[in-house]
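K.L.:
Next input, structure requested:
(chains A and B)
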Amino acid sequence: MTDLTTPSPAVQIRNLSRSFRGQVALDDVNLIIPTGSIFGLVGLNGAGKTTLIRHIMGLLRPLHGSVEVLGQDPIADPENYLKRVGYLTEEDTLPTWIRVGELMDFSRALYPSWDDAYANKLCDMFGLSRSSRLRSLSKGLRARAGLLVAIAHRPELLVLDEPSRGLDPIARSDILEAVIRTINEDGRTVLFSSHLLDEVDRVCDTIALMRDGRIAETLTVEHLEASYSEIICRPGEAWSSPPTHSGVFGWRQTGDEWSAVVESAGDAAIPDELAVIERREISLSRWFAARAGSERDKPEADTPGTSSEVTADV
Amino acid sequence: MLLHISSDGAPIYQQIVDQIRFRIVSGQLRAGDELPTIRGLAESLRVNPNTVARAYRELEHEELVEKRRTTGTFVAELPKRLGAAQRRRLIAPDVDKLLIQSRQLSIPLDELIEQLEKRDSQLDRSEARS
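P.N.:
Modelled structure (predicted):
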């Protein structure tokens, strides 16, 4: 914090574990979100994303491990903390009886950094009318009202938990634009949790994949391209199950052809036995499908997928 | 700039490079024209600013654009002619696609060449008109 040359990370989580009624939700999570990044959090339902985000927002107290956001403990001084962050979830948490104008007035009173000109601009841009009650708005417009109050105080950290679920394409596009606009101001950070991998691919620079309550892998988008590729195999004689090779995983069969993800793109030699007919650039969704599946679904941790390969939840 | 970003296919930075390169090579963007700022383009395309920066670096590397200190990124005054081999490499995937498709449609190679020549002279004429 005192070091001005290298900004401290926006979020720093150490050894965070959490269970609910004996069910493990977070299992020794370590995570650093660098200041200035758009950080994507992906994983299947139940992987622990929302539990993790609730800790970051100070809605859950860490029982094991520690959470530090913007250099402070979210729980210790929530009033001061919440002024610095913006939060939007898929849930409609705003009171429905309130009018858009009242919501803006209320939020202005909460946030010292509230930017009136920006709020009005967003209100016009989103086509919101100050006099309408949230109850009377469409889901898309209610989401925009939520977005407005999440960003009009220009938060240092914007946290979006599945903001796009069930929204029309234009509302989703407005959210993405807000994400980019936030990051375009120096020193601001966005945490973006989503099942919509094409949106994650578009806006995020760094991606963390959660699986079974753990961070399975964290990588930058450029690193993803450089480290993985997809192979398409067409074996001469049908395979009853795909061959096992280290660094080749996430097998998926379609008719006579098999697809897998291989580590270290480029020069790594692929055994002839795999009968590779094509090597493709990796896509985020293919990598996700290969990586996101639960270890518990596999007979052995080392045996790369079976025919019950988990497909991307997109 | 109204670029189209599709969610499946080439990496996003590559899509940006291809479309800006096309605008420059086809003359829609002229020498000295200013490209949008990285942040501005990122916002309008809704893509990560690093991705736009990477695309601009690539275009700069190809010497199609140049960065002028403090002012911005401009279409290069004298776009360096790419070497013949480089140019062939750039067009190779499209040539392959064309060949495969014409085989599929049972168009013999000489007919295809004929069609290309005809089309080329038509393009010349329409260019002369404009």
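K.L.:
next one: phi and psi at A:Arg252?
P.N.:
Reported as degrees, to the nearest 10, the phi and psi values for A:Arg252 are phi -150, psi 130.
K.L.:
Report the beta-bridge partners for it.
P.N.:
A:Ser259 (DSSP bridges).
K.L.:
Who are the contact partners of the residue of chain A found nearest chain B?
P.N.:
With C-beta to the nearest C-beta, the shortest gap between chain A and chain B falls at A:Asp198, namely 3.5 Å. Quick note: C-beta positions are derived from backbone N, CA and C, even for glycine. By C-beta atoms under 8 Å, 6 or more residues apart in numbering or on different chains, A:Asp198 lies in contact with A:284-285, A:314, B:7-8.
K.L.:
and which of the residues you listed is nearest A:Leu88?
P.N.:
Proximity of the contacts of A:Asp198 to A:Leu88, judged by C-beta to C-beta, is greatest for A:Val314, which lies at 20.3 Å.
K.L.:
Make sure A:Pro242 is actually in contact with A:Trp251.
P.N.:
Yes: A:Pro242 lies in contact with A:Trp251 (C-beta atoms under 8 Å); the separation is 4.2 Å.
K.L.:
Can you tell me which residues in chain B are near chain A?
P.N.:
Applying C-beta under 8 Å from any C-beta of the partner chain, we find that chain B lies next to chain A at B:5, B:7-8, B:10-12, B:39, B:42-43, B:46-51, B:54.
K.L.:
Just the buried ones out of these, please.
P.N.:
Neighbour-count burial (16 or more other C-beta atoms under 10 Å in any protein chain shown) applied to the residues of chain B next to chain A gives B:5, B:11-12, B:39, B:42-43, B:46-51, B:54.
K.L.:
nearest to A:Glu257, of those?
P.N.:
For those, the nearest to A:Glu257 is B:Pro11 (23.6 Å; C-beta to C-beta).
K.L.:
Touching, that closest one and A:Glu281? I think so.
P.N.:
Yes: B:Pro11 is within contact range of A:Glu281, at 6.7 Å (criterion: C-beta under 8 Å).
K.L.:
Common neighbours of these two, please.
P.N.:
A:Glu225.
K.L.:
Could I get the phi/psi values of the residue of chain B found nearest chain A?
P.N.:
With C-beta to the nearest C-beta, the shortest gap between chain B and chain A falls at B:Ser7, namely 3.5 Å. Main-chain torsions, B:Ser7, degrees, to the nearest 10: phi -90, psi -10.
K.L.:
Check the closest residue to it other than its chain neighbours and give its pLDDT.
P.N.:
Excluding the flanking residues, the one nearest B:Ser7 by C-beta to C-beta, 6 or more residues apart in numbering or on different chains is A:Asp198, at 3.5 Å. Looking at A:Asp198, its pLDDT stands at 91.
K.L.:
ok, A:Asp198 to B:Ser26 distance?
P.N.:
Going from A:Asp198 to B:Ser26 by C-beta to C-beta, to the nearest Å gives 28 Å.
K.L.:
what helix or strand does B:Asp110 sit in?
P.N.:
helix B:109-129 (DSSP states H and E).
K.L.:
mean confidence score for that helix?
P.N.:
85.
K.L.:
can the contacts of A:Asp198 go into CSV with extra columns for pLDDT?
P.N.:
Listed next are these as CSV, based on pLDDT from 0 to 100:
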residue, pLDDT
A:Leu284, 92
A:Ser285, 91
A:Val314, 38
B:Ser7, 78
B:Asp8, 71
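K.L.:
Which one of those residues is nearest to A:Glu237?
P.N.:
Nearest member of the contacts of A:Asp198 to A:Glu237, counting by C-beta to C-beta, is A:Ser285, at 30.0 Å.
K.L.:
Could I get the full set of strands for the stretch 51-200 of chain A?
P.N.:
A:64-69, A:85-89, A:157-161, A:189-193 (DSSP state E, counting those that start in this stretch).
K.L.:
Could the C-alpha coordinates of the third one be exported in CSV?
P.N.:
The C-alpha atoms that make up strand A:157-161 are tabulated as CSV, following Å, rounded to 0.1, in the frame of the first residue of the first chain:
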residue,chain,number,x,y,z
LEU,A,157,-13.7,-2.0,-8.3
LEU,A,158,-16.7,-3.0,-10.2
VAL,A,159,-18.0,-6.5,-9.4
LEU,A,160,-20.5,-8.2,-11.8
ASP,A,161,-21.9,-11.5,-10.9
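K.L.:
Just the angle for it relative to strand A:85-89, thanks.
P.N.:
Angle of strand A:157-161 versus strand A:85-89, following axes from the mean of the first three to the mean of the last three C-alpha atoms, to 10 degrees, is 10 degrees.
K.L.:
Does chain B have contacts with strand A:157-161?
P.N.:
No: Strand A:157-161 stays clear of chain B (C-beta under 8 Å from any C-beta), getting no nearer than 13.6 Å.
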